[in-house]
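*Asks:* With the sequence up front, the predicted model follows.
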Amino acid sequence: MFKLFAPRQRAVEADTPKQNFLRIVILTTVFTLTIFGFWLNYQRQETLLTNRLEESKLTPYFTKEELNSIEKMQVAFKKKFSLKLIIDIQENESINLPKLDNMMIYIGVSLKDKSVLIDLPPWLVKLIDLNFIKDTETELQKSLNNKDQDAWRKKLGETVLILGQKIETIMER
């Protein structure tokens, strides 16, 4: 007859209590080292992320908290929509649109010219109203002309959030 919890014979039996204790110690050590390894890896990843943010071109314009939220937004765009979000701030130059592929969103801001450029992939432009993109660029450009220096930074964050929400509603259709 079939027994659900039938006693099994172990492949290797411990002959003495010392061997049994040694097995428990070795098993505990392996688990502890594994957990410690994962913790070290997490710390290393966090350090790399912090270093990358500090080396970013955005660093002079944003606080550390704002940089972290921008990084989170970029990661969210990548995970949710498989889109790469590029935010480019030019202080002494005009906006130079880099070569983009079909999975990149570019938001360029020129502080010199007080100009803004939002470039979306062609397939996304067809799904999003073109007036929405123009209005968003215009609002961001108005915030650049504002005397409040923080206005354009806040508006840029709002723009990215609104764009993410718009894309999310399109993807849900």
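*Replies:* Perfect, thanks for sending it.
*Asks:* Relative to residue 107, how far out is residue 67?
*Replies:* 15 Å (CB to CB, to the nearest Å). Where you see a C-beta, it was placed from the backbone N, CA and C, and this is true even at glycine.
*Asks:* who's more crowded, these two?
*Replies:* residue 107 (22 against 18; other CB atoms under 10 Å).
*Asks:* How about residues contacting the helix or strand containing the more buried one?
*Replies:* Residue 107 is part of strand 104-110 when elements are defined by DSSP states H and E. Here strand 104-110 makes contact (CB atoms under 8 Å, 6 or more residues apart in numbering) with 77, 83-90, 93-98, 100, 115-121, 124, 140, 144, 152, 156, 159-160, 163.
*Asks:* Sort out which of these are buried, if you could.
*Replies:* 77, 83, 85, 87-90, 95, 115-121, 124, 140, 144, 152, 156, 159-160, 163 (16 or more other CB atoms under 10 Å).
*Asks:* dump the residue contacts of the closest residue to residue 139 other than its chain neighbours.
*Replies:* Excluding its sequence neighbours, the residue lying closest to residue 139 (CB to CB, 6 or more residues apart in numbering) is residue 155, at 6.5 Å. Applying CB under 8 Å, 6+ apart to residue 155 gives the contacts 139, 140, 143.
*Asks:* can you tell me the helix or strand for residue 155?
*Replies:* Per DSSP H and E, residue 155 falls inside helix 151-172.
*Asks:* Can you give me the buried ones in that helix?
*Replies:* Under 16+ other CB under 10 Å, the buried positions of helix 151-172 are 152, 153, 155, 156, 157, 159, 160, 163, 164, 166, 167.
*Asks:* Same list (those residues) but as a markdown table, adding pLDDT and distance to residue 35.
*Replies:* Shown next, in a markdown table, are the buried residues of helix 151-172 (pLDDT from 0 to 100; distance: CB to CB, whole Å):
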| residue | pLDDT | distance to residue 35 |
| --- | --- | --- |
| 152 | 83 | 45 |
| 153 | 82 | 40 |
| 155 | 85 | 44 |
| 156 | 84 | 40 |
| 157 | 83 | 37 |
| 159 | 85 | 42 |
| 160 | 84 | 36 |
| 163 | 85 | 40 |
| 164 | 84 | 35 |
| 166 | 85 | 42 |
| 167 | 83 | 38 |
